[in-house]
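[1] Predicted model follows, preceded by the sequence.
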Amino acid sequence: MGHKSEISWTRKTEDGQKVHVFAHHSGKEWHFQLRERRFDEWQVVESPLLVDWLELLDGIRRRIPRRLIKPEEEPRLIHHIKELFPGADCG
């Protein structure tokens, strides 16, 4: 990890278990993976949850001022989130 187009975070599942989520930018798409423990294999996530998309959006917003991600990526991602989750608040 550590490349500009990679963002990762940790969140808790509904049952309180901690999972590590990893998003990788390729072309105009974001690909998600997750794992429960450090040495587990990364599992591809076909349909990421809204909470993961919003966490990715937050990560993008924090990287834009540092010029790690292009500014046009934020509105593109907001549009994609609203397509997947109508009525989602991307605040």
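    Received, thanks.
[2] Show the backbone phi and psi for the most centrally placed residue in the chain.
    The residue lying closest to the centre of the chain (Cα atoms, centre = their mean) is residue 56, at 3.1 Å. Note on residue 56: its backbone torsions stand at phi -60, psi -40 [degrees, to the nearest 10].
[3] Next up, the contacts around it.
    Contacts for residue 56 (Cβ atoms under 8 Å, 6 or more residues apart in numbering) come out as 7, 23, 30, 77. (Each C-beta comes from the backbone N, C-alpha and C, glycine too.)
[4] at 6 Å what do you get?
    Counting by Cβ atoms under 6 Å, 6 or more residues apart in numbering, residue 56 makes contact with 7, 23.
[5] Just the pLDDT at it, thanks.
    Predicted confidence (pLDDT) for residue 56: 97.
[6] Which other helices and strands does the strand of greatest length in the chain contact?
    As assigned by DSSP state E, the longest strand anywhere in the chain is strand 18-26. Contacts defined by 3 or more Cβ pairs under 6 Å, 6 or more residues apart in numbering; DSSP states H and E place strand 18-26 against strand 6-12, strand 29-35.
[7] quick one: the first one to strand 29-35, angle?
    Between the axes of strand 6-12 and strand 29-35, defined by axes from the mean of the first three to the mean of the last three Cα atoms, to 10 degrees, the angle is 40 degrees.
[8] Within its sheet, name the partner strands of strand 6-12 and how each one runs.
    Strand 6-12 has its sheet partners listed here by DSSP bridges as strand 18-26 (antiparallel).
[9] Tell me which of the helices and strands packed on strand 18-26 sits nearest to residue 83.
    Ranking the helices and strands packed on strand 18-26 by proximity to residue 83 (Cβ to Cβ) places strand 29-35 first, at 13.0 Å.
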